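> I would like to see how this sequence folds:
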Amino acid sequence: SMSVMDVAVSLWSMARMQVLDTKFARSLFRRGNELDLADVISSRQLAQMFWAMARLSARNDEMVKRLTFIARKKVTSMDSASVSNLLWALTKLQVRDESLIHEIAKRAHHVLRGYTIEDTKNLMWSFEMPRRNLPSSSSSSSSSSSS
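Take a look at the predicted model:
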């Protein structure tokens with residue numbers, strides 16, 4: 001029987017190699033949805049699962065909903081890499097959860113003291129992505145009015 005770690009590592013490995021075996025991914029999502037993730041998944045595994053879904057463009061709505069709920073509780077224990085990966089993945093998967101984004105921003109501010117220059121660059125890039133990818137409510141094709 002696959003554990004949470006097995007599911008997370010398998011999804012991460014597929015994403016790292018950029019190989020999507022749709023049938024295997026579906027079975028991983030099914031197994032992940034069967035597990036009681038809230039109590040056993042680490043903040044790093046959570047970020048890895050989001051990152052893998054985003055990297056593979058293999059969104060599983062039930063899994064996204066469950067992981068988003070869990071992320072609200074786990075974000076306070078995330079390290080810099082997990083914060084950046086989670087924010088990037090949420091953007092790529094088009095998860096619109098303002099309260100979670102706010103919690104991620106608070107966590108990023110808290111751990112910023114320990115960030116390297118590379119961590120800071122990745123985090124800033126992650127926060128910029130939502131602005132690039134969200135449609136503008138006032139204009140449909142241009143954002144040249146802001147400077």
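
> And the pLDDT for the residue most central in space within the chain?
Central residue of the chain (CA atoms, centre = their mean): residue 86, 2.9 Å from the mean position. For residue 86, the pLDDT comes out at 91.

> Same check on residue 51?
Reported pLDDT for residue 51: 91.

> who's in contact with it?
Taking CB atoms under 8 Å, 6 or more residues apart in numbering, we find residue 51 in contact with 12, 15, 85-86, 88-89. Just so you know, the C-beta spots here come from the backbone N, C-alpha and C atoms, and that holds for glycine as well.

> Kindly recompute the last result at 10 Å.
By CB atoms under 10 Å, 6 or more residues apart in numbering, the contact set of residue 51 is 8, 11-12, 15-16, 81-82, 84-86, 88-90, 92-93.

> coming back round to it: I'd like to know how far the residue lying closest to the residue nearest to the centre of the chain once chain neighbours are set aside sits from residue 70.
Leaving aside its chain neighbours, residue 86 sits nearest to residue 47 (4.5 Å; criterion: CB to CB, 6 or more residues apart in numbering). Remark: distance between residue 47 and residue 70 (CB to CB, to the nearest Å) = 11 Å.

> if we can go back for a sec, go through the contacts of residue 51 and flag which are in helices.
Counting by DSSP state H, the part of the contacts of residue 51 found in helices is 8, 11-12, 15-16, 81-82, 84-86, 88-90, 92.

> which one among these gets closest to residue 109?
Nearest to residue 109 among the ones in helices among the contacts of residue 51: residue 84, at 13.4 Å, using CB to CB.

> so which of the contacts of residue 51 is the most crowded?
Neighbour counts for the contacts of residue 51, by other CB atoms under 10 Å, peak at residue 86, which reaches 31 neighbours.

> if I look at that one, how far off is residue 13?
19 Å.

> if we can go back for a sec, got the contact list for the residue nearest to residue 86?
Taking CB under 10 Å, 6+ apart as the criterion, residue 47 is in contact with 8, 12, 41, 67, 71, 74-75, 78-79, 81-90.
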